[in-house]
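Enquirer: got a predicted model here, sequence first, then my questions.
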Amino acid sequence: MNHITQHRPAFFTGFDNEEVDFNTTEELLAIPFVKSFSTDRRFHRYSVSVSPHGNTIHLMCELDDGYEWWCVGRLLNMEGITLPHWEEKYKEEKKIWTMKP
C-alpha cells in the first residue's frame, strides 16, 4: 500500500492537506485532489520526482508540454506507481537582434 499527502504552497492557510492511501497508479490518479490537476487544458502528464537520496518522492503535474510544473503531493514510496520520472524543462529564450541604420 502507498500513501499521498497533498501539497499546498506555504501561503495557503486555513486548509487541511488531504492524506489518502492507494494501491495502483490508477487509484492514485483517481483521487479528487490529484485528478483536479488534469482538468487544466494545458495538462501534459503526471510524473514523479525522486530526491537524489531517494528519501523524498513527489507527484508532479506537468503542463504546457512539461515546461510548467506543480507539486501535487508527497508519496510514501514508489510501490504501485508506473509514472515517468520528472525532469525540469525550460524554454530557451529567443533573442531577436535588430540592426539600426
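Expert: Yep, it's here. Numbers count the residues shown, from 1 in each chain.
Enquirer: which residues are contacting the longest helix anywhere in the chain?
Expert: Secondary structure of the chain per DSSP state H: the longest helix is helix 25-30. If you take Cβ atoms under 8 Å, 6 or more residues apart in numbering as the criterion, helix 25-30 is touched by 2, 4, 22, 34-35, 38, 46, 59, 80-83. Just so you know, the C-beta spots here come from the backbone N, C-alpha and C atoms, and that holds for glycine as well.
Enquirer: model confidence over it, on average?
Expert: Averaged across helix 25-30, pLDDT comes to 98.
Enquirer: so where's this protein uncertain?
Expert: Low-confidence segments of the chain, defined by pLDDT under 70: 93-101.
Enquirer: in the sheet, who's paired with the residue nearest the centre of the chain?
Expert: Centrality entry for the chain: nearest residue to the mean C-alpha point is residue 60, 1.2 Å, by Cα atoms, centre = their mean. Counting by DSSP bridges, residue 60 is bridged to residue 47, residue 71.
Enquirer: quick one: contacts for it?
Expert: Going by Cβ under 8 Å, 6+ apart, residue 60 touches 46-49, 69-72, 86.
Enquirer: just the buried members of the contacts of helix 25-30?
Expert: Burial by neighbour count, judged by 16 or more other Cβ atoms under 10 Å, picks out 2, 4, 22, 34, 46, 59, 81, 83 from the contacts of helix 25-30.
Enquirer: quick check, residue 38 in a strand?
Expert: No. Looking at residue 38 with DSSP: H, G, I helix; E, B strand; the rest coil, it is helix, so not inside a strand.
Enquirer: what about residue 89, distance to residue 81?
Expert: To residue 81, residue 89 is 21 Å away according to Cβ to Cβ, to the nearest Å.
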